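K.L.:
sequence and computational prediction follow.
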Amino acid sequence: MCKCELEERGRRILGLFLCLLDGILALSGAAVAALGLYLNFHLESKMQFLAGYDTGTVPSFLMIVGIAMFISGSLFSKAAFDCAYPDSRGRFQSFLIFFVAAKFVLIWVVFSASMMCFAHRSVIEESLNNGLFSVLKLYKKDLELKILIDKLQMEYLCCGSNNYEDWFKVSWVNEDFLDVEDENIKSKMQAGMYMGHDVPFSCCHIYTYRPCVHSNVTKGTRSKYTPTLNTRGCAGILMDFFESSILEPAGVFILMAFFIEILSTFLARYQQTCIDDANLMEPTGPGTACLCPNIGTGDAMKYVKREEKFKEEAE
């Protein structure tokens, strides 16, 4: 099945090309591990906004896959290089079949890492939506969270979780700083909490010439004031950042490594079967490379004919 006969020169070229592919995979593994660290850094920095999310699961898996790719790629690259030359072939020759098996397993590990990157958007998005809205409720109670929310809204030009109207649904103004005797304030008090159509100053759009109106953004005048506010929610903007800057590029990159891993596995199988076949008669002589040696019809007299040919040449 998919057989071809290679001379010693063909095996050398195959080995060197396989060495190059495995070297690329080793470097790709280092890049995948770095992507895992990069994702972990950004998730940890936003962990206060992620509800019920384990920030270490995907980054840890990417780092493990990357390290496995780097170590295996480095080892397989060295083995392919040594097996390209008869003098050094004996170092790894007996292990080639195990390397091929390990490569086959690694193919699906790499594929799983790629699919995890593509599929993980929905998990992070749900955690962001739930977490951000919950954090808004703590704005007036936790100074550290208040600073984080303000920085987030100013840095990413966003407001609220889904949009700026999320602030209308929570009591984010500390009542201790309000004149609760004022009739206007009284009309907005519900169960002892101030519930007005206001948003924090950090929701103001920094690239507008108009004075920012972030208080009394009422239903009747909302269209007049919204141009001065960031209208996009922080959950969507953060999700766009994670998807377009980390998850999607990482998924595409790892998927490319997956296809290179498949090609490398097929070529490693060809190299292993060709070397084993040549060793049956003459290690530096021609050998048949194939994916499945025992499948399909072959020439049962090949080795007898080859031995007769060597005898005739010797005579």
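P.N.:
The structure has been received and is ready for your questions.

K.L.:
lowest average confidence, helix or strand, in this protein?
P.N.:
Within the chain, no helix or strand scores below helix 222-225, which has a mean of 50 by mean pLDDT, DSSP states H and E.

K.L.:
what does the helix or strand containing F118 contact?
P.N.:
Here F118 is covered by helix 96-119, with elements defined by DSSP states H and E. Helix 96-119 is contacted by residues 32, 58, 61-62, 65, 68-69, 72, 75-76, 79, 83, 92, 247-248, 250-251, 254-255, 257-258, 261-262, 264-265, 268-269, 271-272, 275-276 when judged by Cβ atoms under 8 Å, 6 or more residues apart in numbering. From N, CA and C alone the C-beta is placed, and that goes for glycine too.

K.L.:
show the average pLDDT along it.
P.N.:
Rounded to a whole number, the mean pLDDT of helix 96-119 is 91.

K.L.:
how about it: buried residues?
P.N.:
96, 99-100, 102-103, 106-107, 109-111, 113-114, 116-117 (16 or more other Cβ atoms under 10 Å).

K.L.:
now render these as a markdown table, adding distance to V173.
P.N.:
What follows is the buried residues of helix 96-119, written out as a markdown table (distance: Cβ to Cβ, whole Å):
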| residue | distance to V173 |
| --- | --- |
| L96 | 71 |
| F99 | 65 |
| V100 | 66 |
| A102 | 61 |
| K103 | 61 |
| L106 | 56 |
| I107 | 57 |
| V109 | 51 |
| V110 | 51 |
| F111 | 51 |
| A113 | 46 |
| S114 | 46 |
| M116 | 42 |
| C117 | 41 |
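
K.L.:
pull out the buried positions in the helix or strand encompassing L43.
P.N.:
Secondary-structure element containing L43, defined by DSSP H and E: helix 8-45. Applying a neighbour-count criterion of 16+ other Cβ under 10 Å, the buried positions in helix 8-45 are 8, 10-11, 14-15, 17-19, 21-26, 28-29, 31-33, 35-36, 39-40, 42-43.

K.L.:
which residues of the stretch 201-315 of the chain fall in helices?
P.N.:
Assignment of helices within the stretch 201-315 of the chain using DSSP state H, counting those that start in this stretch yields the ranges 222-225, 234-241, 248-279, 302-314.

K.L.:
same list (those) but as CSV, adding distance to N174.
P.N.:
Written out in CSV, the entries for those read as follows (distance: least, Cβ to Cβ, whole Å):
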stretch, distance to N174
helix 222-225, 23
helix 234-241, 22
helix 248-279, 41
helix 302-314, 89
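
K.L.:
okay, those helices in TSV with mean neighbour count and distance to Y53 next?
P.N.:
Supplementary listing: the helices of the stretch 201-315 of the chain in TSV, determined by neighbours: other Cβ atoms under 10 Å; distance: least, Cβ to Cβ, whole Å:
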stretch	mean neighbour count	distance to Y53
helix 222-225	13	33
helix 234-241	20	12
helix 248-279	20	18
helix 302-314	11	60
